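Student: Pasting the sequence and the predicted coordinates here, then a few questions.
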Amino acid sequence: MDTKHKIINGQVFKEEGSFSAGTVYICKDRIVSKEEYDAAGGTETVTDAAEKYVIPGLTDIHFHGCMGSDCCDGTAEALRTMAQYELRQGVTSITPATMTMSEEVLAKICETARDFSCDNGADFCGLYMEGPFISAEKKGAQNGRYIHPADTKMLQRLQDLSGGRIRTAVVAPETEGAMEFIERNSKNINISIAHTTADYDTCMEAFSHGASQLTHMYNAMPPLNHRSPGPIGAGADTDFCMAELICDGVHIHPAAVRAAFRLFGDERIIFISDSMRAAGLQDGSYDLGGQEVTVKGNLAVLNDGTIAGSVTNLADCMRNAVRNMDIPLASAVKCAAVNPVKAIGLQEDYGSLAPGRYANIVLLKENLDLDKVIHRGKPVL
């Protein structure tokens, strides 16, 4: 017998980016139409979502770690800890990010990712490969010892080890071999411009070859200048380019976040957390890609003062954007739930409350605090 569940009386998020009163119908692990629900057998569970927002589960496509674990640990235990923590926050699907490391370390991560899954954690949807194909001048918190020219053969070796689970790979387009790398790999992998000194024209060329994203926009790239618009100007001028933003209150001033929305619109912005292993833990000293990081409050820095990722999960970044940056809730949900899965090609299963998608659903109270998480049709919180 099928088990079915409906969520009634909530303000339900619509795909076009609005809320309206409605009901969400679930059978087994999928959202279904009312007709399919009525025709299904089994016992019924009803959740009353009065005075609550009903939104798709969030997807973090770019974060490194949390709760003391990091993707670069290269173990199933680390990925499991991360997936379980993220799910409890309402982040129901993830693509954890590597760092600029040796191919040997990256190979271990990819081998672990190949067969990884976690029944009681966020859906593991693949890997985000941040580095090693970056610019030394804009390495940020990446380890400069392992920076490597753009290398399709290396990427393919890692992709083969991962069983095709690398969803995004970053590259600095001004570096040796980058344009050929973008051209050869962009049909199969989401290519994002990252850790770069590239000017406007170079980025426009990269987009013409198939790059389609800006990694943590504003950070580790030239600023938007009226005479040298750089990657940000090029991304704004490219209709299909999506831009990541870290709305933790540290990486980007609220006015710059609002400016990004005016340049790109809420159809093309992806909220990410870029969190490191200290997320969810106390202040102290931690490791990021083999480098020591000091965490105090919501600020994480290397010994030289370089900002080293965030310690804020994606759900809190979304809330911060609404509460402290004047971003409308519907726009923030699009950027944290809808746009990330479009970027990595998983919109048929994730990022919507439309029939056919996985029943990954989050209920928020009126003040945006978390009320309930449903993962694949089963209550988590």
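Tutor: Okay, I see it.

Student: what ranges do the helices span in the stretch 251-381 of the chain?
Tutor: Counting by DSSP state H, counting those that start in this stretch, the stretch 251-381 of the chain has helices at residues 254-264, 314-325, 329-333, 339-343.

Student: which other residues reach the last one?
Tutor: What it means is helix 339-343. Under the contact criterion Cβ atoms under 8 Å, 6 or more residues apart in numbering, helix 339-343 has outside partners 58-61, 93, 168, 190, 212-213, 242, 266-272, 347, 349-351. To be clear about C-beta, it is placed using only N, CA and C from the backbone, and glycine gets the same treatment.

Student: what does the average pLDDT come to for that helix?
Tutor: The average pLDDT within helix 339-343 is 98.

Student: before we move on, the earlier item: looking at the helices of the stretch 251-381 of the chain, which is closest to G163?
Tutor: Closest approach to G163 among those is made by helix 339-343 (19.9 Å; Cβ to Cβ).

Student: how far out from the middle of the chain is the helix or strand that I182 is a member of?
Tutor: Here I182, judged by DSSP states H and E, is contained in helix 178-185. Relative to the centre of its chain, helix 178-185 is centred 23 Å away, using Cα atoms, centre = their mean, to the nearest Å.

Student: Let the chain start at 622 from now.
Tutor: I'll keep to 622 as the first residue from here, and by that count the last item is helix 799-806.

Student: What is that helix packed up against?
Tutor: Judged by 3 or more Cβ pairs under 8 Å, 6 or more residues apart in numbering; DSSP states H and E, helix 799-806 is in contact with helix 773-783, strand 787-792, helix 821-830.

Student: Mind listing what's buried along that helix?
Tutor: In terms of neighbour count (16 or more other Cβ atoms under 10 Å), helix 799-806 has its buried residues at 799-800, 802-806.

Student: Make JSON lines from those residues and add pLDDT and distance to N741 to it.
Tutor: Below are those laid out as JSON lines (pLDDT from 0 to 100; distance: Cβ to Cβ, whole Å):
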{"residue": "A799", "pLDDT": "98", "distance to N741": "40"}
{"residue": "M800", "pLDDT": "98", "distance to N741": "43"}
{"residue": "F802", "pLDDT": "98", "distance to N741": "38"}
{"residue": "I803", "pLDDT": "98", "distance to N741": "38"}
{"residue": "E804", "pLDDT": "98", "distance to N741": "41"}
{"residue": "R805", "pLDDT": "98", "distance to N741": "38"}
{"residue": "N806", "pLDDT": "98", "distance to N741": "34"}
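
Student: one step back: who wins for proximity to R898 among the helices and strands packed on helix 799-806?
Tutor: Proximity to R898 (Cβ to Cβ) singles out strand 787-792 among these, at 20.1 Å.

Student: Could you name the helices and strands sitting against that closest one?
Tutor: With contacts defined as 3+ Cβ pairs under 8 Å, 6+ apart, strand 787-792 has these neighbours: strand 748-750, helix 773-783, helix 799-806, strand 811-814.
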